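# Provided below for reference: sequence and predicted model.
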Amino acid sequence: QVQLVESGGGLVQAGGSLRLSCAASGRTFSSYAVGWFRQAPGKEREFVAAITLGSGSTSYADSMKGRITISRDNAKNTVYLHMNSLKPEDTAKYYCAGSKYYSGSSSHPYDYWGQGTQVTVSS
């Protein structure tokens with residue numbers, strides 16, 4: 001079992017930056033892929049970024065590519081999402097998810113989910 005806890009969200013002005021963290025406890029995280037997703041009110045959950053903890057390969061949603069970077073610190077069992085040049089449309093609750101076998105953009109194959117952290121971008 002893996003427990004995930006997100007942190008780092010908050011209120012930021014448009015053009016600002018945030019770093020979200022996804023801390024894992026329980027089983028070692030080193031062999032799990034991690035994805036970040038977001039969900040705005042009234043909208044479906046959408047993929048943001050993913051990283052394979054083995055090779056560290058990364059993938060990004062086109063809507064945020066160039067503004068975000070996903071990284072991990074295996075020693076701290078933590079995955080980060082660095083977000084720059086934030087826009088009001090980035091306002092959403094951001095979730096991290098873990099999977100031992102999947103690192104794609106669909107939310108369904110991920111087995112473990114955190115409770116989310118709210119990001120609000122003001123104009």
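Here it is on my side, so go on. This is a predicted model, so every value here is computed, not measured. Residues are numbered from 1 along each chain as shown.
# for the closest residue to residue 45 other than its chain neighbours, what are its contacts?
Leaving out its chain neighbours, the residue that sits closest to residue 45 by CB to CB, 6 or more residues apart in numbering is residue 39, at 4.3 Å. C-beta here means a position set from N, CA and C on the backbone, and glycine is covered the same way. Remark: with contacts taken as CB atoms under 8 Å, 6 or more residues apart in numbering, residue 39 is in contact with 45, 46, 92, 93, 95, 116.
# and residue 39, how far from residue 69?
21 Å (CB to CB, to the nearest Å).
# which stretches of this protein have low pLDDT?
Within the chain, the segments meeting pLDDT under 70 span 27.
# how far away is the residue nearest in space to the middle of it from residue 123?
Nearest residue to the geometric centre of the chain (CA atoms, centre = their mean): residue 36, 2.6 Å. The spacing between residue 36 and residue 123, counted by CB to CB, is 23 Å.
# likewise for residue 66?
According to CB to CB, residue 66 and residue 123 sit 20 Å apart.
# spatially nearest residue to residue 72 (excluding sequence neighbours)?
Using CB to CB, 6+ apart, the nearest residue to residue 72 is residue 79, at 4.5 Å.
# show me what contacts that neighbour?
Applying CB under 8 Å, 6+ apart, the residues near residue 79 are 21-22, 24, 29, 34, 36, 51, 53, 70-73, 96.
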